[in-house]
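# Here is my input; please provide its structure:
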Amino acid sequence: MKLPLIFFFLFLGNTLVAGNPLRQSHYPLGWQTALSPSSSWSASTAEWLHALASLFRGAGPLKSSDAISTSRLDETGFRTLDHPDFPGHKIRVKSPRLCDPNVKQYSGYLDTDDDKHFFFWFFESRQNPSEAPIVMWLNGDANMIFLDQPVNVGFSYSNTSVTDSPTAAQDVYAFLQLFFKAYPKYASAPFSIAAESYGGVYAPHIATAINRKNKALERRAQAPHSSISSSKLINLSTLMLGNGLTEPRTQLGVIATNACHGPYPVFDNPTGPECLDLEAKGAECRRLVQKCYDVGTADVCGGALNWCDENIFSVPELTSTHQKLGLNPFDTRAKCANSPWCYLEMEWYSKWLNNQAVKAELGVHPSLNFTACNWELNKVMTDGGEGAKNSAVLIPELLADGIRVLVYGGNACMEQATEQFRSYLPSSYACFSIDFLVPPVGYLEWMSKLDSVFKEEFIVAPILPWTTTKNSTMAGVVKAAGGNITDAGNFTYVSVFEAGHMMPHDQPEAALYMFKRWLDNKSLVERKVEDE
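Alright, predicted model coming up:
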């Protein structure tokens with residue numbers, strides 16, 4: 001297959017895979033939302049889990065040649081790009097030569113009139129870039145644009161803050177229009193949006209913004225006597241959600257259960273007082289999040305998030321057990337590495353990005369410091385309750401308009417399971433999440449309940465094994481609706497065995513194979529290895 005161009009957006013935090021743009025999936029993705037290697041580290045595991053729980057509670061994200069007709073070079077070495085349909089936006093671009101100088105790169109800022117400055121970094125595909133598909137990965141890998149978004153995360157900066165995903169999606173749409181106008185050779189390629197972790201909230205909003213803008217452009221073109229727009233259709237093709245928080249009523253509700261069952265439980269007695277208490281609190285969490293769905297106000301939704309955090313993630317019984325066992329909440333099979341946040345890679349990439357020579361090459365002001373969490377913005381978005389709102393309700397419109405949707409996650413699977421978990425996978429085996437914070441065990445539940453054009457077909461679709469290698473090692477299971485038997489499906493669930501929250505980190509071969517097959521629209525259950 002033709003390897004993809006990937007827009008790599010740092011919404012939640014990213015491991016640095018830029019050193020080898022085409023070798024994806026070898027580093028953990030998405031878990032950095034609440035993490036900061038420069039933060040003071042408390043001995044209290046309660047505070048630790050409370051910090052990690054911000055994955056659910058809001059942003060907590062990282063703070064962190066082509067002819068161009070409408071451009072000019074400023075005194076700092078940036079080339080400035082603009083777009084007539086977005087007079088309040090411009091892009092400042094440089095061409096760094098970091099990591100691999102043979103790969104075409106662009107970095108710089110999307111600037112807006114309301115004092116928002118979004119940092120981005122783009123890597124072109126090494127193979128046939130004008131023909132390769134394009135992927136906007138919200139916290140992923142391969143050829144990429146890093147876009148530190150919302151503002152005041154990563155290397156982005158502003159005197160104001162974006163506090164919700166629908167607003168942020170409009171900035172992303174403007175960025176894409178400016179970028180494709182400046183670099184038209186990428187504009188007609190199939191475009192995918194991929195996200196993990198809290199990107200499960202961001203990505204459906206961004207996809208929806210693009211899809212609805214596309215439909216508005218089509219209506220405008222068909223209307224008599226309408227003016228010609230300079231904006232172009234973005235060839236939105238697919239949406240990928242991995243280990244993501246998308247339907248919190250279901251997903252938050254199974255977290256307590258997940259701590260008490262399966263091959264790697266936090267508590268060893270599923271009928272003990274700790275588990276019974278967590279089960280009851282999980283039910284109450286679902287009730288409160290459902291109230292958020294019904295009412296939708298910041299006070300109700302923010303209250304639901306804070307209640308779930310304080311009564312599930314931060315209860316003393318759970319935090320003391322985590323502390324005693326030294327568990328990694330993103331992979332409860334494992335102990336934390338010798339790092340405040342369990343993964344040494346977190347410290348490595350932050351140190352590299354804060355090197356003054358690296359910042360100068362990227363066009364980042366030397367006073368800006370790359371840190372892994374903006375806690376002030378996290379609190380703003382938590383109080384707004386966005387993480388308790390249902391982003392899954394946006395997916396049926398995308399499916400109806402022909403945009404394929406993949407939902408995937410890492411699991412630990414075994415032949416025998418309790419009836420409670422077997423109900424999630426109606427087969428001879430069951431899967432248990434070892435990702436404590438965003439357990440994929442709830443994915444099939446919300447996908448089956450989703451009122452989409454593929455609802456009935458998805459419910460009755462079989463769950464089939466898939467492999468990646470010639471020796472037929474089983475990599476996971478897949479359940480798909482839409483398309484034909486050789487297609488990847490229009491609405492597809494994929495489970496990857498023996499993987500936690502950082503599924504590509506835990507199972508790089510399976511992650512790469514799944515990613516390539518999905519972009520090529522080829523079924524995972526086909527026993528072919530021609531593109532490995």
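# My read is that residue 278 contacts residue 259, right?
Yes. Using Cβ atoms under 8 Å, residue 278 makes contact with residue 259 at a distance of 6.0 Å. C-beta here means a position set from N, CA and C on the backbone, and glycine is covered the same way.
# intersection of neighbour lists for the two?
Residues touching both residue 278 and residue 259 (Cβ atoms under 8 Å, 6 or more residues apart in numbering): residue 318.
# Ramachandran angles for the closest residue in space to residue 182 that isn't next to it in sequence?
Nearest non-adjacent residue to residue 182, counting by Cβ to Cβ, 6 or more residues apart in numbering: residue 81, 4.4 Å away. For residue 81, the backbone dihedrals (degrees, to the nearest 10) come out as phi -120, psi 140.
# gap between residue 81 and residue 91?
Distance of residue 81 to residue 91, computed by Cβ to Cβ, to the nearest Å: 4 Å.
# For the host helix or strand of residue 204, what is the distance to the chain centroid?
Secondary structure assignment for residue 204, by DSSP states H and E: helix 199-222. Taking Cα atoms, centre = their mean, to the nearest Å, the mean C-alpha location of helix 199-222 is offset from the chain mean by 18 Å.
# could you give the angle of whatever helix or strand comes next after it to helix 199-222?
Counting by DSSP H and E, the next helix or strand C-terminal to helix 199-222 is strand 236-244. Counting by axes from the mean of the first three to the mean of the last three Cα atoms, to 10 degrees, strand 236-244 lies at 170 degrees to helix 199-222.
# Compute the mean per-residue pLDDT across strand 236-244, please.
Averaged over strand 236-244, pLDDT sits at 94.
# Direction included, what does that strand pair up with?
Applying DSSP bridges, strand 236-244 is found paired with strand 191-197 (parallel), strand 404-414 (parallel).
# Residue ranges in the stretch 51-200 of the chain under the pLDDT threshold?
The model of the stretch 51-200 of the chain has pLDDT under 70 over residues 51-76, 138-146.
# Skipping its backbone neighbours, what lies nearest residue 209 in space?
Using Cβ to Cβ, 6+ apart, the closest residue to residue 209 is residue 169 (3.9 Å).
# just how off-centre is the helix or strand harbouring the one you found within its chain?
Assigned by DSSP H and E, residue 169 belongs to helix 165-182. Taking Cα atoms, centre = their mean, the mean C-alpha location of helix 165-182 is offset from the chain mean by 17 Å.
# other SSEs contacting it?
Using 3 or more Cβ pairs under 8 Å, 6 or more residues apart in numbering; DSSP states H and E as the contact test, the elements touching helix 165-182 are strand 79-82, strand 89-94, strand 105-112, strand 116-123, strand 145-147, helix 199-222.
# Kindly calculate the angle that that helix makes with strand 89-94.
Using the same axes, to 10 degrees, the direction of helix 165-182 lies 60 degrees away from that of strand 89-94.
# hey, C-alpha coordinates of helix 165-182 in CSV?
As requested, the backbone C-alpha atoms of helix 165-182 are provided in CSV (Å, rounded to 0.1, in the frame of the first residue of the first chain):
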residue,chain,number,x,y,z
SER,A,165,-14.3,20.6,21.4
PRO,A,166,-16.9,22.1,19.0
THR,A,167,-15.1,25.5,19.2
ALA,A,168,-11.7,23.9,18.8
ALA,A,169,-12.9,22.0,15.8
GLN,A,170,-13.6,25.2,13.9
ASP,A,171,-10.0,26.2,14.4
VAL,A,172,-8.8,22.9,13.1
TYR,A,173,-11.0,23.2,10.0
ALA,A,174,-9.6,26.7,9.3
PHE,A,175,-6.1,25.3,9.7
LEU,A,176,-6.8,22.5,7.2
GLN,A,177,-8.2,24.9,4.6
LEU,A,178,-5.1,27.1,4.9
PHE,A,179,-2.8,24.2,4.8
PHE,A,180,-4.4,22.5,1.7
LYS,A,181,-4.5,25.9,-0.1
ALA,A,182,-0.8,26.3,0.5
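# what angle separates it from strand 116-123?
Calculated by the same axes, to 10 degrees, helix 165-182 forms an angle of 50 degrees with strand 116-123.
# Please point out which parts of helix 165-182 sit buried.
By neighbour count on 16 or more other Cβ atoms under 10 Å, the buried set for helix 165-182 is 165, 168-169, 171-182.
# Give me the neighbour count for the closest residue to residue 293 other than its chain neighbours.
For residue 293, ignoring the flanking residues on the chain, the nearest one in space by Cβ to Cβ, 6+ apart is residue 390 at 5.3 Å. Neighbour count of residue 390, defined by other Cβ atoms under 10 Å: 19.
# who's in contact with residue 390?
By Cβ under 8 Å, 6+ apart, the contact list for residue 390 reads 247, 248, 249, 293.
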